[in-house]
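Visitor: Generate a structure from the sequence data that follows.
(2 chains)
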Amino acid sequence: MSGGFRDPKSVAGKRLPVEETTQLLVIGAGPAGVAAAAEAARFGIKVVLVDENPVPASVMGDDIPLHFGQRFSSAVRNRTAMLEAFIARNPAITELFDAGVDVRLGATVWGLYANGPSVGWLPGTVAGLQDGDRSFMLGCDRVIVAAGRRDVGLAFPGWELPGVLGITAAQHLLERFDALDVRRAVILGSSAEALAAARSLRSAGTEIAALVEVASAPIGPPALLRELGNIPLLCGHTVRRVEGGSNGVEAVFVSLLGPGSEEQRIACDSVLIGVGTVPVIELLDSLGCRMTYQPERGGHVPLLGDAQRTSVPTIHAAGDCAGIWPTKTLDAEIARAEGKRAAVGVAASLGIAVATPPPPAEPETPDHDPDTYRLDWVRACVVDASGEPYVCQCEEVTAREILELRPPRYLAWPDDRRNTRSLRQLLGEAPPNPDQVKRLTRAGMGVCQGRRCREQVAALLALGAGTKLGDIPLASHRAPVRPVPLSVAAETRESAEMTEHWDTWFGMPPQYVPYWDAPRLYTVAGRATDNEPPEGK
Amino acid sequence: MSEPNGASVVIVGGGATGLSAGWWLAREGIDVLVIDKGIVGWEASGRNGGGCTHPFSPLFKEEQRLWPMMDELLGYPTEFCPRRIRIAMDEEQMQRYGRARQHAVRQGFVSEPLDAQQVRELVPLAGDNIAGGYLHSFGGHANPQRTVQAYAWAMQDHGGRVLQHTTVQGFITNGGKVTAVRTNRGTIGCDTLVIAAGPQINHLAGSLGISVPMVAARAEMIVTEPLPLMPIGGVDGNGLYGRQTLRGNLAYGGGPHEWLEISDNDVPHRSSTPLMRNIAARLAELFPRAAHARAIRSWAGIIENTPDGRPVIERVTSPDNLVIATLSSIGFGLSPATGHAIRDLVVDGVCCFAELSSLGLSRFDKLEPDWIDLQGWR
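Guide: Take a look at the predicted model:
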């Protein structure tokens, strides 16, 4: 659109302040991101590589970005030491420095934006970053998102205690920072991801007291299981509750599935939730990249074309955020190859002549149904829980309150007026939509931004409605995908044109002419121009 | 739900306007069916500031009469909270806002000036950078998402029906009346049709030969983590509108919108943009004691506007059993009264409690054909 008069109260003519620019932004310094950055730098592309780690201890305390369950050592309070540990344990990063990659550690990408069907005023693809107390916009020609994975949460009585954490979080603390504070752990789940983490933790000196598995047999690779040797394996079992004090977990109680089963007490200081890992798709989904549900890739993943490209042409995805499966978990070369493929695609799209990369690795067909496995855990643990644990810890919402669509407790809506509607009545014939459910119950609306509960809520809705997990729509992700203090987000100077034309609402004076003064005929030529917008739009 | 063959009143559009109308009709025992292309309250009705204060509207008095009763009438919580404060950052704003409240005062409502200290007592998150403000003993705010669902449930409690995920493909007319609605799930007969479908009204009414001038736009809001509840949560100022929710979150919006071209039944992904930073900056200025609070979400809504930004609520003459309602970006707060007005138009042919002539389509009879270009709404 060019020429002509443009509504000054609209975004037309407003320039987005972009503090920095680069050709390629790579998000995440895991194997895929590092490989992508190295490959792109080799092609002569100007690269910024960002990783949010190490995140400040206070942020880790909110289980952001992973479910740390307070089981990090005091080392995390020294960010410089954490930074040094991170680099020391990831020598490939040092090589990136040498290759001329602009590496920013401890910097968070909280938003990714591009023009699309409903946005046209941006100067191109831009990322919102936070680095300490500063936020800024980074303009980039291309982005490779390599944001990794996180753990699925699982509620049981006491799961809010320190010492209940995700297995990816534990592995991350250990392998990236040597800052894991777990001495004796019980692991829930026996997937390749859980077993690999168990191996890693045990070799670092953590005692694994037991593996608990709802399935009748372990689901992970037998070879990996044999490697772990004599760890007690409790199949057909579920966790009933944990017991603990101010220092957190002291014991976990497990039992065979089914009501009335005798509980077995296992002393431990931590319970590691390893019942599922999912791709971190927050930035991709909030931007509007098309998603697809593929259980064999870990659930909701971006729909990818050639060269790891998403449906938004400037955005690529590589590594775990593009899909998780056992061989990929056990062989980082697959993630690296995806990173390189993405970099080659970026180079080609920027007009650099490159050889066609080898085709991507495909997930193996799982010999168990991942959705059924997820639902079995949620049923055994959350639905059949001995108490009423909060599924959403931030907003304190129980499974029953989610399934009964109860108004949040702070409204004190009288019990005799309680809503007796079933999910079915809410929905007609379509599968339950978690966004609708969260609006009513507030589950997933808290400070952790749903990272601990969103997969559980989806599973509960599938169980409650009797539908397949894959039929439950993906609850939407919204920027900022990390909590950003107003004062930090505000770190921008409002442009003169923004200030001059800023309006509370649409800035349409005729809207506010009182009805008794409204003209009988409205024309643009004769319209009111100077009325005062009212309050409380 | 099995596919219905028809209803006495079919309402196209399950937003605040359509559902409120459905509820008003159903509570009189009228057989009503609301059709929505997606989920109820999914568009602008569920994505707004929740304000209930529109003194320039002929529906204002009814809006003010109804809101305090809505929880009781609906039987479900709306989170309505009465009263509103408008903060003036400087003396010039103090004077301007003083003039703006006269529309409400003239209609018998009370608004009193506050000095800066009085504002801070009612709005503890405000700081030393304000000049004062006004406390309105009218208006207020409610939770849009909860309210829209409450309309739907209350309507169902009275026997009304909702058909979600249903796309309207056209209408069947006969003898100057709309006799049925064609949908992807079959044809649904009706005695009276209400079109309250937001940005889609243009296309739907157009297929019946009625031109409703409008353009849709995208507008953005942000929400913070919960903060201690202030005595009054409906607080505007510094170019922002919004509220503190009963959970304690600050939900605020303001600033430039983006005009969109919307095709037929398609509503695009509701992307937010880095405008979040500008809203955050203004919010931290409005509430310096909340500057540390973390923004945890932003979102965008798609909102339709008529050329003068005023609603259209009209029972048209041809076809003569059709009511059209677009609220032009102020639909949520007015919705209790709008539903009442639509009920009157459907049942009695005229609105019995308010003079709606200023909301008729005929005001656009002399509208310039190129009004969109002239107003720069592109």
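Visitor: List, one by one, the residues from the stretch 101-250 of chain A near chain B.
Guide: Proximity of the stretch 101-250 of chain A to chain B is confined to A:111, A:113, A:116-122, A:126, A:128, A:135, A:137 under the rule CB under 8 Å from any CB of the partner chain. Any C-beta I mention is one placed from the backbone N, CA and C, and that applies to glycine too.
Visitor: Mind putting the residues you listed into TSV with secondary structure?
Guide: Formatted as TSV, the entries for these read as follows, by DSSP: H, G, I helix; E, B strand; the rest coil:
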residue	secondary structure
A:111	strand
A:113	strand
A:116	strand
A:117	coil
A:118	coil
A:119	strand
A:120	coil
A:121	coil
A:122	coil
A:126	strand
A:128	strand
A:135	strand
A:137	strand
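Visitor: Neighbour-wise, which one of the residues you listed leads?
Guide: Comparing those by number of neighbours (other CB atoms under 10 Å in any protein chain shown), residue A:111 comes first, having 29 neighbours.
Visitor: Contact partners for that one?
Guide: Residues near residue A:111 by CB atoms under 8 Å, 6 or more residues apart in numbering or on different chains: A:127-128, A:283, A:286, A:479-481, B:274, B:276.
Visitor: Now with 6 Å, please.
Guide: A:128, A:479-480 (CB atoms under 6 Å, 6 or more residues apart in numbering or on different chains).
Visitor: what residue ranges in the stretch 401-537 of chain A score low on pLDDT?
Guide: A:415-429, A:531-537 (pLDDT under 70).
Visitor: From residue A:412, how far off is residue A:296?
Guide: Distance of residue A:296 to residue A:412, computed by CB to CB, to the nearest Å: 45 Å.
Visitor: now swap in residue B:254 and tell me
Guide: For residue B:254, the distance to residue A:412 equals 31 Å [CB to CB].
Visitor: for residue A:71, same thing?
Guide: For residue A:71, the distance to residue A:412 (CB to CB) stands at 36 Å.
Visitor: circling back: more neighbours, residue A:296 and residue A:412?
Guide: Neighbour count, other CB under 10 Å: between residue A:296 and residue A:412, residue A:296 has more, with 17 against 10.
Visitor: nearest residue to that one other than its sequence neighbours?
Guide: residue A:363 (4.6 Å; CB to CB, 6 or more residues apart in numbering or on different chains).
Visitor: residues touching the one you found, list them.
Guide: Counting by CB under 6 Å, 6+ apart, residue A:363 touches A:296-297, A:325.
Visitor: What is the nearest of those residues to chain B?
Guide: Using CB to the nearest CB, residue A:297 comes nearest to chain B of the contacts of residue A:363, at 22.3 Å.
Visitor: Give me the neighbour count for that closest one.
Guide: The local packing of residue A:297 (other CB under 10 Å) involves 21 other residues.
Visitor: Pretty sure it sits against residue A:323.
Guide: Yes. Judged on CB atoms under 6 Å, residue A:297 makes contact with residue A:323 at a distance of 3.3 Å.
Visitor: show me where pLDDT drops low in the chain?
Guide: Using chain A here. Chain A contains residues with pLDDT under 70 at A:1-3, A:415-429, A:531-537.
Visitor: My question was about chain B, not that one.
Guide: In chain B, residues with pLDDT under 70: B:1-3, B:264-267.
Visitor: Scan chain A for its longest helix.
Guide: helix A:332-349 (DSSP state H).
Visitor: tell me how far that one is from the chain's mean position?
Guide: Its chain's C-alpha centre lies 22 Å from the corresponding centre of helix A:332-349 when counted by CA atoms, centre = their mean, to the nearest Å.
Visitor: Need the CA coordinates for that helix. PDB is fine.
Guide: Output in PDB follows, covering the C-alpha atoms of helix A:332-349 (Å, rounded to 0.1, in the frame of the first residue of the first chain):
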ATOM      1  CA  ALA A 332      23.400 -35.400  19.100                       C
ATOM      2  CA  GLU A 333      24.700 -35.700  15.600                       C
ATOM      3  CA  ILE A 334      21.100 -35.700  14.300                       C
ATOM      4  CA  ALA A 335      20.400 -32.400  15.900                       C
ATOM      5  CA  ARG A 336      23.700 -31.000  14.600                       C
ATOM      6  CA  ALA A 337      22.800 -32.200  11.100                       C
ATOM      7  CA  GLU A 338      19.400 -30.400  11.400                       C
ATOM      8  CA  GLY A 339      21.200 -27.200  12.400                       C
ATOM      9  CA  LYS A 340      23.600 -27.500   9.500                       C
ATOM     10  CA  ARG A 341      20.600 -28.100   7.100                       C
ATOM     11  CA  ALA A 342      18.900 -25.000   8.400                       C
ATOM     12  CA  ALA A 343      22.100 -23.000   7.900                       C
ATOM     13  CA  VAL A 344      22.500 -24.300   4.400                       C
ATOM     14  CA  GLY A 345      18.900 -23.300   3.700                       C
ATOM     15  CA  VAL A 346      19.500 -19.800   5.100                       C
ATOM     16  CA  ALA A 347      22.600 -19.400   3.000                       C
ATOM     17  CA  ALA A 348      20.800 -20.500  -0.200                       C
ATOM     18  CA  SER A 349      17.900 -18.100   0.500                       C
END
